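Student: For reference, the sequence and a predicted model appear below.
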Amino acid sequence: MPGKKRTREFEELMRSTKKKTKKALKGRMPPRAITPEPASASHRAPSSIAVSNVNTSAQPSQTAVAAPAPQHAILPDTQDADGSDDEHDRNREARRRKKKLRKVLEIMEHDVVNKKTRERAYTRELLYRYNALLDIIPGLKTDIQYLDEDDIVILGTYLRSWARAVRGDDGGMIRDHVVPYLRMSRIKEFLNAPTDLAKFQRGWQNYYCARMLCPQVSLPRFDADWEAFAEMIMNGPTGDDEEILRGGNFPAFLYDQDQADPLDKRKGLMQSPYFLACFKSLWTGPGSAILINGRRAKTLGKPPIAWKYKLEHVTPRALAYTAVQVRYELTSLVKFETTDIGGYDGYELFDAIVSLFESDPQSPWCKDTLEWWDARVLAHASYKSQATLKRKTRTVADELRAAARKEKRMREATGQAHASRADDGPASRGFAPTASSSSPLSSPGAGPSSVP
């Protein structure tokens, strides 16, 4: 097991560290003799030199006293203090190394877990893409056995080229609208936002675009000094800010700023009025951006994406794809790239939004958010089935139509009953025809010709 192997490596490393420490202590020189410092005037021991300098005539009874302590004696207290300090330093160094090794092992364990998680997520994503491809090309599942490796590469290149072309078309549909829609974000400072900006004028050099690109968690810092924040991003974040633009730090244009709460990161997320307008512009046409409940029917010309593919619901991948497109159009990049300054990666943003929904599809937040999008984008699409368009409440007109249909069914049933009785005749009521009851015209000899 990888965990046991790392544990053994850690124990072996600790043993080798202890051996090296003992070896270093064993070969260490003994502490040097410490010369005592001169005592103070009040505690200085009498010496023979000091006594000889005293006037013996004034003190005849005093004799010379030798110094009791040698010049190079080792002080026991000083030696013990030095040894205890060395031992304390060694223990502190050992604790520091142990803490460092434990941190390294935690990082290794975290990297292994993250690698496995990323591999599983990547495998699931490939399976999803393969099944989605089969929905578009159903015959691929049976025909792929006739393709060799070169044929599959050619097919993949062909599909990739068309994907790039479609992505370019989608970006062109919202490129001229992402700036005018800034006024629809319900942000007070954006009421006077420009209605047109060239691509090279966007990005972190523009206040309005920079605030939308800024991660929601960093908005207080941005509002304090947006120019310094933007300059830090354009120069390349370092230190604690190095990963500030990671995909998991959702940009501000995905949040409804009236609902955003620093203590609840999901509140207002994926419910931005600005992002809603951009999504409608891409999937149901630019004219539907201002419609509260979305477009009912397609207009003349090229049909929107939702009408072309008969979309029933807004999916997490549709939201993630649109978010990547909107973020690119807010930057000053003139060519589509999945990476940007500051270490941003579009794949991370896409995966973070998808996992936000698919990690727990039954969560109340996930259900409420997707229902919120369906109600505002595809609630009244004319191509949707009646089951999808069914409303929760009935109006007076709905009740009158239902009563009229019921009466019509009753009349039709009554008319069919009368018609069936008329077609069956007397036999259906238990009577058999006789000679007396038969028509005179059907009797032999009857009629005007038989009358004399």
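Tutor: Nice, thanks for sending it over.

Student: list the contacts for the most centrally placed residue in the chain?
Tutor: The chain has A352 as the residue nearest its centroid, 2.4 Å off, counting by C-alpha atoms, centre = their mean. By C-beta atoms under 8 Å, 6 or more residues apart in numbering, A352 lies in contact with G247, G248, F250. Heads up, the C-betas are built off the backbone N, CA and C, glycines and all.

Student: Quick check: phi and psi at the last one.
Tutor: Put plainly, it is F250. Here is the backbone geometry of F250 (degrees, to the nearest 10): phi -60, psi 140.

Student: And for the second one?
Tutor: In terms of degrees, to the nearest 10, the main-chain angles of G248 are phi -70, psi -20.

Student: Surely it is in contact with E348?
Tutor: Yes: assessed by C-beta atoms under 8 Å, G248 is found in contact with E348 at 6.7 Å.

Student: Compare these two (neighbour count), which wins?
Tutor: Of the pair G248 and E348, E348 is the one with more neighbours under other C-beta atoms under 10 Å, namely 17 against 13.

Student: SS state for the more buried one?
Tutor: Assigned by DSSP: H, G, I helix; E, B strand; the rest coil, the conformation of E348 is helix.

Student: how deep is the nearest residue to it once chain neighbours are set aside tucked in, by neighbour count?
Tutor: Once flanking residues are discounted, E348 sits nearest to G247: 2.7 Å by C-beta to C-beta, 6 or more residues apart in numbering. Residues within reach of G247, counting by other C-beta under 10 Å, total 21.

Student: Look at G247 and report its pLDDT.
Tutor: G247 carries a pLDDT value of 87.

Student: One more: E12?
Tutor: E12 is assigned a predicted lDDT (pLDDT) of 67.

Student: tell me what the longest helix along the chain is packed against?
Tutor: The residue-count maximum for a helix in the chain (DSSP state H) belongs to helix 76-136. In terms of contacts (3 or more C-beta pairs under 8 Å, 6 or more residues apart in numbering; DSSP states H and E), helix 76-136 is packed against helix 2-26, helix 140-143, helix 346-358.

Student: Mean pLDDT lowest where, among the ones you listed?
Tutor: helix 2-26 (a mean of 60).

Student: what about L300, which SS state?
Tutor: Taken by three-state DSSP, the conformation at L300 corresponds to coil.

Student: For G285, see how far away it is.
Tutor: In this view, L300 and G285 are 11 Å apart by C-beta to C-beta, to the nearest Å.

Student: When those two are compared, which one has more neighbours?
Tutor: Counted by other C-beta under 10 Å, L300 and G285 do not tie: G285 has more neighbours, with 22 against 5.

Student: What is the neighbour count of the residue lying closest to that one once chain neighbours are set aside?
Tutor: Of all residues not flanking G285 in the chain, P304 sits nearest, at 4.4 Å (C-beta to C-beta, 6+ apart). By other C-beta under 10 Å, the residues close to P304 number 23.

Student: Over to the one 4 residues further on?
Tutor: Other residues near K308 come to 11 when the count uses other C-beta under 10 Å.

Student: Which strand or helix spans it?
Tutor: helix 305-309 (DSSP states H and E).

Student: Which residues in that helix does the neighbour count mark as buried?
Tutor: By neighbour count on 16 or more other C-beta atoms under 10 Å, the buried set for helix 305-309 is I305, A306, W307.

Student: after it comes which helix or strand?
Tutor: Counting by DSSP H and E, what follows helix 305-309 is helix 316-330.

Student: from the middle of its chain, how far away would that following helix be?
Tutor: Chain-centre distance of helix 316-330: 12 Å, with C-alpha atoms, centre = their mean, to the nearest Å.

Student: Can you tell me how far the residue nearest to the centre of the chain is from G301?
Tutor: Counting by C-beta to C-beta, the separation of A352 from G301 is 35 Å.

Student: Please apply the same query to A210.
Tutor: 35 Å.
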